[in-house]
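**Q** structure for the following, please:
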Amino acid sequence: MFAFEKRYLVCVLPFIGFAIGAFLDRKETERMVLFRDKSALYARPDGSMPKTPSW
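**A** Below you'll find the predicted structure:
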């Protein structure tokens, strides 16, 4: 029925890898957005003017 040739895999496999990588990158970005403005590293010192969150 379906004959998988080496040329077919060489052409299609990079596109599949790119799609999986792009998907995982988007998911990681969505996960990291949850921590935006909550990190102690970027916290404002006490006594400064309150600032609304960037989102």
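**Q** which SS state does residue 35 fall under?
**A** coil (DSSP: H, G, I helix; E, B strand; the rest coil).
**Q** separation between it and residue 5?
**A** As judged by C-beta to C-beta, to the nearest Å, residue 35 and residue 5 stand 46 Å apart. C-beta coordinates here come from the backbone N, C-alpha and C atoms, glycine included.
**Q** so how many other residues sit close to residue 18?
**A** The tally of other residues near residue 18 (other C-beta atoms under 10 Å) stands at 10.
**Q** pLDDT of the helix or strand hosting it, averaged?
**A** Using DSSP states H and E, residue 18 falls within helix 6-33. Averaging pLDDT along helix 6-33 gives 91.
**Q** next, the buried residues of that helix.
**A** By neighbour count with 16 or more other C-beta atoms under 10 Å, helix 6-33 contains no buried residues.
**Q** and that helix, what other elements does it pack with?
**A** Contact here means 3 or more C-beta pairs under 8 Å, 6 or more residues apart in numbering; DSSP states H and E; on that basis helix 6-33 packs against no helix or strand.
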